[in-house]
Each structure stands twice: as C-alpha cells, then as structure tokens.
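> the sequence and its predicted three-dimensional model are supplied below.
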Amino acid sequence: MTLRHGRWVVGQKTDAIGGARSATEPQRYPPHVAILESAPPPVQNPPIRRRGVPAGPRGSQGMFAFVLDSVRMAWRGLTRMRTALYLLAGLAVQSAVATVIPQEPNVPGTVQAWLTGEDGPGVGVAQALDTLGAFDVYGSTLFLAFLLLMFLSLTACLIPRIRGWLRLVRHSRPPLLTRATSSDLKAGFVTVADEGAVLDAAQALLPARQRGTARWRQRLHRQHGPGDPPGAGRSAPSQLAAETGLWTREGGSLAFHLSFYVLLAAIVFGQLTTFEGQRGVVEGEPGFTDAAVSYWQYAPGRWFSEDEHAGWRLDLEGFEVDWVRDPLAPGAGQPTLFRSAVTITRADGTVERASVEGNRPLVVDGRKIHQLDWGYAPRMIVRQDGVVVHDAFVTTQDATGLFTGAVKAPAADPDVGLELFLYPFAPDGTDGPRLTGAPWADAPLMFVWQWRGDLQLGLTQQFINELDVSNLDLQGGTWLRPGESVAIGDVEIEFVELRRWVGFQVSRRPGVPWLLLGAGMMTLGLVASLYAYRRRVWVVVEGTDAQGRTLVNVVGRAFQRPDAAAEEHARLAEQLRVVLAGEATTTAPVTAPQAPTGAST
Amino acid sequence: MNQTDLAELSKLLYSPVTIGLYVAASIVSFAALTATVGGGDAQRGRRAMQLGRVLALVGIAAHLAHEIVRGLAQQRLPLGNMFEVTSLMALVGVAGGLGYLRRRRREELNGFVLLGGTLMLGLALLMYAEPGPLMPILDTWWRTFHVSLLVGGMGVFAAGFVFTGLYLLGDTGQVDPGARRAGALIGSALGDSGAVPVGGSSAPSTLSTAGPEDPAWRAEVRGRISAWRLALGVFLGTSVVSWVWAVSLEPTRAGVGRMLTVNVTMVVAALVARWFTPYLPATATLDGIAHRVIAFAFVLWTIGTIAGAMWAEQSWGRFWGWDPKETGAFLTWVAYAGYLHARATRGVRGRSAAWVGIGAFVTLMATYLVANYVIVGLHSYAGL
C-alpha cells in the first residue's frame, strides 16, 4: 500500500501532462498513509544523550538499567561522525607506523636484522617495538580492534541512514514553497499565459522520466483547487514543486559504505577457500604435481580440502631471461625478459605447452601459476672417498652481483657443508678472472667454502640456502668453473653444469570476483555520492499584475554543489521564460503576490 | 633526429622553457589579480589576465611537448620514474587547476595554481633521471592504467592543496577573529552538506565595508596572518616530507642542504601567498573549490588503487600485501577520506576540515617520497 502511494506522486503528474484528468478532479489520499515531505539531509552528529529523556539518579534503576543505558550511550557514541573520524585517524596512524617500520610478513629479513641490531635503531628500541606489535601492525590486536570498531561505527551509522533513505525514496515528495528564504535562488518574469499553461510548461520542463536529464519528483498544487491534500501549505500559491537528486546522492554514499561489507565478506571468504603453494623447478628436471605434498610452501584456507587439487603436472622446459647488456646503453643492467616455457600434463593425459611471463600468469583449471622467483641452479656432486654423498641441482638466490646457495650432505661422515658463491659473468682477464657483477651466465665461476662437522639438520632452524656453521669447521675454499672438480681433503667437489630454476606460485582465489563487485560498488557509489546533488525547484504562480499578466517566480534551493545548482536554475528559468514568451522582470522575486496593486513589474 | 638529440630537446623544453613560462605566467596573473580585484586599472587588469592566460597555455603546451619528446626519446610513456611522475603531476595539476578555475569563472586565482606548478616542476628537477627503458615487468597496459590514474590523482590533489592553503590564509586574514568567536560556526555555513546559502557571500564575517581596493584594509588583512608563525609552520610542515633527503642523500651534508632548500622555497611561496591574501575571493568560494577538486582527485585515487590491486593479482599473485607503497596509498586514501568526512561533519567542517586536508597532502607527499627513497619494497622501481 505504501509503495503504491509512493508511485502515486509519479502518477499524478503524468496524468496532468497528458491532460487525461483535470487537475481539479479530487485526489484520494489513503488516510492511513502518512505523507512525508522530503526533509533536508539529516544532521550527522546527533547528541549522545537524547534531549528530553531525563538521566535519572544513577543506580535507582538497578544494575541492569545502568548497563543498558551505558550500552545505549556507547552505541550512540559510535554513530557519531566524530567517532568515525577518530577511528579513521587511528587507522591512519597505524598505517603510518607500518610505512616506516619494516613489517614481518613483507620483509622478515629486515625485521630480523632490526631485532639483532645489525640494522635499524638498535636492539633495545627494536625489542620495544616488537613488544608493541609494531613489526606486524596489520596482524596486531590493536589494528583488528580498530577495524572492528570502525565496522561497528559504520553499522551504527548506516542503519538509521538506510531506514531514512528508504522512507525518503518511497514516501516523500517536495514540500510546497510558502516563502522563499534569502538564500534561495530566484528568477521572476511576467507572461500573458494563464496559470494552467504556466504549470503545464513547468511540468514539461522538469520531466519525471526523460533520457539524458535529471528525473524530477513533481508535486502540483493549485491554490483554488483540490489538487493537494489538506494540511501544510494549503494556503501556498499555485505552484509546481520539484525535487531531484533525492536518492542518488545519499544512495551512492550508502552504496560506497556498504561496499566495505562486501569487501570484508569477500576477503574472509577468500581467506577460507583460498589455496597458495610455492615450488621451485629446475630447467629440464622433473617438475611437480598439483598435490599438497609437492609444494615447498603450502598455505590452504580452512575450507580448502586437499582433494580439490586438480592433479596436473608442471615441467619447466626452459627459462629465458635477458638484460640490457650494453653498459653504456640507457637502463644498463635492467632485465628485459622473464619467460618460462612449461609443459602441463593433465590428469587425463593431455599435454599442453604454455608460457608464463611477468604480467601473464598461466591459468590451469582455475589455478593461477605465477613466476615468483628465479636463480641459477648449478649441479653439484660431492664424493667422499669416491662415494657420491650429494648429487643435485642447488637453487641459488640472487644476492646482487652474485648468487648464493648451500649444499648440505649429511650422508658424509662427518657431515659436509658447502657454501656456494656463483659469479655468472666472470671472464678470464690478464691477472685471473674478473668478477663483473653482471647477471648473465656467459662465464660462470663459483667459489666454494667447504665445512665439516655437524650440520645440525633438524636441530636448529635453517634456511635451505644457508649453513648453520656453529658446529662446523672450515676446511678450505676453491674456485670452480663448470665441468671442473677439486678435492679438499677426502672430499671431491664437482661443478657439473649450470642451469636455471624458477620459483612458481600456484594459487586459487575464489574471493576475487566478489572483491571486484565490492570495488565496483565502491567506485560507482563514490562517484554518485560526490557528483549527484539534491536540489529543489519551485515554479510559483504568484498572481496577476495590473494588466492581467501572470507573475511567475522560479525559486531554487540546493543542498549540495551550490554552483552547479545555480547554473542549472538560471538555465531552467530562462527556458521557462522563453517557452512562455515571458518578459523578465528582475532577478529578484516578484513580491507581494496577493496584492495586485503592489505587484512590481 | 636520434634519441640523444631528442633527450637533449626534452631537457631544454623542460628546464628553461616550461619553468620560465610558468613563472612568467604566474607573475602576470598575480599582476592581473591586484589590478582587477585591487581597484587598479580594470582595462590593464583584463589585458594582464589575457596575457597570463596565453603564457600559461603556451607553458602547458611546452610541458606537453616535453613529455612527448621524452616519450619518443625513450620509446615509452614518461611514467617510469620519480622525475617523470612528479613532472606529470605538475602538468595535470596546472592544466586541471586552470581548467577548473576557468569553469568556475575564478581565473583571477590562476597565479596561485601556476606558482604551485612551478614549485612542483622544481621538485621534479631534484629527482632528475636520464631517459631510459622500462623493466619488462612494468611494460604492460595495467601499469599505464594504474599509474596514470594515480599520477593524475596526485596532480589534482596538489591543486586541491593550493586551494585549501588559500582558504586557510583567506579565513585567517579576512575573517575578523571576534566575529569568528561570536559565530563559532562560521565554518558550518560552508560545506556541501546541509542547506547552503546559494550564491551567498561571507559578507557578515568580513570585517569592515572596505575591500581590497583600500590599502589600509589590505594591510589589516595581512597583519592578521603572522608572517613568523606562517614561516615557522610551513618550515616545520615541509620538514615532515623533506627529511627524506636528509636521510637518503650521500653525503648527509648535501641531503640536509637539499632539505633546507626545499623548506625555504616553500616558506617563500607561503609568504608570497600571504601577500596576495587580501585579493582572495570569499572564503566559502575557496573552500568550495578546494572540496570539489579534492573530491575529484579522490575518485581518481580510489580507481587507481583498485586498478593497482587488480594488477598486483595479475603480476604478483596477490591483490594486496601491505607493501610500503600499498600502505602509503591506503594511508593517503584514509587521510583524504578523513577530509571528505570532516567536511560533512558539524563542528569540524571549515577550518578543522581544511587542516585535515593539508595533513592529507603532507601524508601523500611523505608516503610518495618515503616509499621511493627510504624503504625498499616490491614497488622499488623508481629510477633514483
């Protein structure tokens, strides 16, 4: 019923434009539906304590009432815009901290260096920062608490706004103008057209539904006819009241704020259903199968089950990488190409060749495959007394100018550990090899430190590319070219060949489409909330002058964007004047509508 | 013409030509401002305005030509390092700012926008890098989309900063402190929420009947803005950003020297703006312009950041990872969201909101420089 009433406002003016029903025909208003005059935008900072509600002596109502009162006041505090501003400021301060202080999830190495005092402001400060959780701001309780409060505040703020907005959209109509205020926009003219013609022209000028123009919500009022319900504004002069931007701006703002719930839901859903695995593959060597056990690093969401793996197999045929090699060329040394040629073998046996590039991940069965990392992979054989104790490719890592890695051979007795330093481009010069620091492997040269003792595998936390030398003794070092082998003591080290390895990331992110939805809502809502604006226009028939001509005033009132509204008002007033062949009087309103003698021309 | 010649030409177009034209246009526009508003020879004022407009247009054309020639010299869009980004920020800020002022029929303010543009060009020169190729990972349509939106947003934010600063200067100088105290809510009449006095002026808040034609009135307005406090405030405020040079340049003495240069330049610019404060239009107008400009930039920033997240999902396999630049973009977004909300909040809109806007721009510049110079993250491609 109420919805139908909401449409009634539209229906009335359509009838009037079509002339199918005379405006003098009585309109029926359902008595049980309250007609709402559209109110100005709500006050954003309501008082925490409602006025008129006595506080009452504390404790007289009992503990329960006290708690209830406190909760209510806290809720009202949360709905205040000022609270939201403080919360935003809190989030900003924490982000600022995270910009300046290294974050554990991003750069664990730097954080470690700060904690050990190798870098940063010193061990004491770093310890204090660690206690405060400043090394992982976005995972800290404080940040999450702010986020929670932000969402609570947003919810508290949005509930009444959504209710008010729905009421406005469904039941409201522009109020009649009884008296223009000094801040309203005014333009007046006199015309020979009569009242009916003026109002008809005004209705055509402020269309309810027309492509390319604003949609005006109209309300027609005739002073001497039953065109309007009894009540407020009954004595107002005949006029067409119109309003637009009524729901777009506030609706856009609501969509913008509601998009945060969509984003939050998408992120949580994504976290639960995602899966991310990382694995390094050496060129030409066996690759890996999409299964939980294959990944070096494996991070499934809570709702991701292992039988969701597709079971395809990835092999790396070759990895192309190149740089600007001319040292004098602009951008010398910058990489120009990263491309992996891979073979995907699906569970049903079909084989597919594909390539993975920097900005072009490969999508297989809804999993995205990215290249995350790459390095040189020397094949190292270690023999003790002729017995092979290690034969594998070592995945070295870029250490600016050289690549470093480690060989751990617990099969030897005592354990053998090798530290590898690979210089990809070290051509022979007149006095030995020249370490250029260039990354292309045209003349690879490796330096090896050999350690013996206890590798402490499984006893201490170690990186795959670093030795824990606390229980090892240095035996000596040597230079090696590919194909060469050197014996230090009873251990022979052979550098067989040099290949490359690529670190792949396989991920599944079902939350992404929902994130995109949230982002779209946010953008559209933002544009609407900043560019749509609410304004009213009244075309008022003020009466007739001494010559019997009709006095017309066009009054405008803007709630936002006063300049745009002023331009539009001037344009509309001029259009109406031209249509009615009116004569401009002044930009000031035609005053004293009810006294013909006082009518100014 | 080979690429070296093109590079030379682009340098020439930038350093004496564009900067010179902007400075000249700025001076002529300020002269036009004093003549038209300050009760001078109206005819001369109009002519000066016209000349300033022409100079500014030629300056923008030269700036655009510089960008194109530089793009040709390195066979890629000039969006690759901090010099290019800052230079484009200046171009977007000046072209957008002047265009918007023309639409609002407030061209008398052109001089301030051009002054801001000149400063931004100078800042870019501090970070000059020779033309060069782009890393392959960056050579993608995504990047063009993401970076140009953010650079555009930064440029428009910079223009918004100029107007916010002018609003604060105008409000301090033109509004009688007694009236402000009595009214307490002068600011609340401003803003775009709640009924706005359309076309209204801040007439009740300006002091006497005298206007900018009266030298005594001008002196009075200037006198309300303490030059020492302004200089100190701008010096300290700029330091929030310029410390980056002090810690990142070697040797430290050179870094501190550069920091002081930047600070003193900003102080001088602020004092110039103070001198022209009596000629400013009503504070409500300035506040409105600042808000519209910042709101537009906020839209650009939002879309640009979303595009960045989409590219990160494509390139790094995650859409958001709190990398220093991502954090910086988020921080800036939160700060400007704070400004937009402050402006819609009773008791905060007006001066307080403008201060939030100033803080937001400081945040923008600080995160821009810190994330490029001081912290190394995934985004560290800036050709330093």
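Looks like it came in fine. Residues are numbered from 1 along each chain as shown, chains lettered A, B, ... in the order given.

> flag the shaky bits of chain B, pLDDT-wise.
B:1, B:135-137, B:178-209, B:376-384 (pLDDT under 70).

> which residue ranges of the stretch 151-300 of chain B form helices?
With helices called from DSSP state H, counting those that start in this stretch, the stretch 151-300 of chain B shows them at B:177-183, B:186-189, B:215-224, B:227-248, B:252-275, B:283-315.

> who touches the fourth one?
Read it as helix B:227-248. Residues from elsewhere that reach helix B:227-248 (Cβ atoms under 8 Å, 6 or more residues apart in numbering or on different chains): B:126, B:252, B:255-256, B:258-259, B:262-264, B:266-267, B:270-271, B:274, B:358, B:362, B:365-366, B:369-370, B:373-374. From N, CA and C alone the C-beta is placed, and that goes for glycine too.

> could you pick out which of the residues you listed are near chain A?
B:Val370 (Cβ under 8 Å from any Cβ of the partner chain).

> report the buried members of the contacts of helix B:227-248.
Using 16 or more other Cβ atoms under 10 Å in any protein chain shown as the burial test, the contacts of helix B:227-248 include B:255-256, B:258-259, B:262-263, B:266-267, B:270, B:274, B:358, B:362, B:365-366, B:369-370, B:373 as buried.

> most packed of the helices of the stretch 151-300 of chain B?
helix B:283-315 (a mean of 22; mean count of other Cβ atoms under 10 Å in any protein chain shown).

> check whether that helix contacts chain A.
Yes - Helix B:283-315 lies within reach of chain A by Cβ under 8 Å from any Cβ, at B:288, B:292, B:295-296, B:298-299, B:302-303, B:306, B:309-311, B:313-315.

> of the residues you listed, closest to A:Thr350?
Among those, B:Gln314 lies closest to A:Thr350 (Cβ to Cβ), at 26.0 Å.

> so for the closest one, what's the nearest residue that isn't a sequence neighbour?
Nearest non-adjacent residue to B:Gln314, counting by Cβ to Cβ, 6 or more residues apart in numbering or on different chains: A:Asn359, 5.8 Å away.

> what is the burial count for that neighbour?
18 (other Cβ atoms under 10 Å in any protein chain shown).

> quick check, pLDDT for it.
As predicted, A:Asn359 sits at a pLDDT of 80.

> correct me, but it touches B:Trp142?
Yes - the pair A:Asn359 / B:Trp142 is scored as a contact, 6.5 Å apart, by Cβ atoms under 8 Å.

> got any residues that touch both of those two?
Shared contacts of A:Asn359 and B:Trp142, counting by Cβ under 8 Å, 6+ apart, come down to B:311, B:314-315.

> residues touching the residue nearest to B:Gln314, list them.
Contacts of A:Asn359 by Cβ under 8 Å, 6+ apart are B:137, B:140, B:142, B:311, B:314-315.

> ditto for A:Gly476
A:449-450, A:488-489.

> could you look up the SS state of it?
Counting by DSSP: H, G, I helix; E, B strand; the rest coil, the backbone at A:Gly476 sits in strand.

> so it bridges to which residues?
Beta-bridge partners recorded for A:Gly476 (DSSP bridges): A:Gln450.

> now swap in A:Val537 and tell me
A:Ala242, A:Gly556.

> verify the stated contact: B:Leu249 with B:Gly255.
Yes - B:Leu249 is in contact with B:Gly255 according to Cβ under 8 Å; the separation is 3.3 Å.

> could you measure from A:Asn186 over to B:Gln174?
Just to correct that, residue A:186 is Lys rather than Asn. Between A:Lys186 and B:Gln174 the distance is 27 Å, computed by Cβ to Cβ, to the nearest Å.

> just confirm A:Ala329 is within a helix.
No - counting by three-state DSSP, A:Ala329 is not found in a helix; it is coil.

> tell me the phi and psi of the residue nearest to B:Gln314?
Dihedral angles of A:Asn359 (phi, psi; degrees, to the nearest 10) stand at phi -100, psi 10.

> likewise A:Pro410?
phi -70, psi -10.

> so which of the shared contacts of A:Asn359 and B:Trp142 is the closest to A:Val394?
B:Ser315 (27.7 Å).

> helix, strand or coil: sort out A:Ser355 for me.
Relying on three-state DSSP, one would call A:Ser355 strand.

> taking the centroid of chain B, which residue is nearest it?
B:Ala158 (2.2 Å; Cα atoms, centre = their mean).

> leaving out the residues flanking it, which one is nearest to it?
Nearest to B:Ala158 is B:Gly93, by Cβ to Cβ, 6+ apart, at 4.4 Å.

> and that neighbour, how close does it get to B:Met127?
B:Gly93 is 16 Å from B:Met127, by Cβ to Cβ.

> ok, back up a step: show me which of the shared contacts of A:Asn359 and B:Trp142 is closest to chain A.
Closest approach between the shared contacts of A:Asn359 and B:Trp142 and chain A, by Cβ to the nearest Cβ: B:Ser315, at 5.0 Å.

> wouldn't that closest one be in contact with B:Leu138 here?
No - counting by Cβ under 8 Å, B:Ser315 sits too far from B:Leu138 to count as a contact (9.2 Å).

> in contact with the residue lying closest to B:Gly155 once chain neighbours are set aside: list those residues for me.
Spatial nearest neighbour of B:Gly155, chain neighbours left out: B:Val92 (3.0 Å); criterion: Cβ to Cβ, 6+ apart. Contact partners of B:Val92, counting by Cβ under 8 Å, 6+ apart, are B:151-152, B:154-156.

> other SSEs contacting the helix or strand encompassing A:Gly417?
Per DSSP states H and E, A:Gly417 falls inside strand A:415-423. Here strand A:415-423 touches strand A:367-384, strand A:403-409, strand A:445-453, strand A:491-508, going by 3 or more Cβ pairs under 8 Å, 6 or more residues apart in numbering or on different chains; DSSP states H and E.

> so A:Lys186 and B:Gln174 - more neighbours on which side?
Shown here are A:Lys186 and B:Gln174; by other Cβ under 10 Å, B:Gln174 has more neighbours (25 against 21).
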